[in-house]
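Visitor: kindly generate the corresponding structure for this input.
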Amino acid sequence: MTGGGATPGAGPTTGGQSGGEPPLNVIPVKDAQSAYDKAKKDFDKSPADAKAKSAYEDAANTLADSTMQSDSPPNVKYPAALKLYREVAKIDPQNSHATYWVKQITDIYASMGKQPPGGG
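Guide: The predicted structure is shown next:
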């Protein structure tokens, strides 16, 4: 696992230009959701399979990235993305993409004086 979350050739990336922010791998949310559902099912069947784990991490990061860039309102998209990034960080605490975005989103909630969804 590269820790980046971007699937080569899967779609355009955005971000990554300032402050060490990792690029976002953004594809249509419905495509990202389909890839995530398949990867999660495969990972749940074989959690010890490194290839299934890597595919799940990449799919979850891509769905989170795509969700953050969607037209959904902030009170919908950021909690959903945070949940996905936390899923990845839970199974791979070294996944730099997921851990970066968990920190960014929780820091934003803290700056607004709000508790992030799912706790801090």
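
Visitor: and Y56, how far from Y109?
Guide: To Y109, Y56 is 26 Å away according to CB to CB, to the nearest Å. Where you see a C-beta, it was placed from the backbone N, CA and C, and this is true even at glycine.

Visitor: what about the two, which has more around it?
Guide: More crowded of Y56 and Y109, by other CB atoms under 10 Å: Y56, with 26 against 16.

Visitor: ok, that one touching D42?
Guide: Yes. Counting by CB atoms under 8 Å, D42 is a contact partner of Y56 at 7.1 Å.

Visitor: pLDDT at G119, what is it?
Guide: Looking at G119, its pLDDT is 70.

Visitor: that one should be in a strand, yeah?
Guide: No. Applying DSSP: H, G, I helix; E, B strand; the rest coil, one finds G119 to be coil, outside a strand.

Visitor: what is the burial count for it?
Guide: Using other CB under 10 Å, G119 is surrounded by 7 other residues.

Visitor: I'd like the distance between it and V102.
Guide: G119 sits 12 Å away from V102, taking CB to CB as the criterion.
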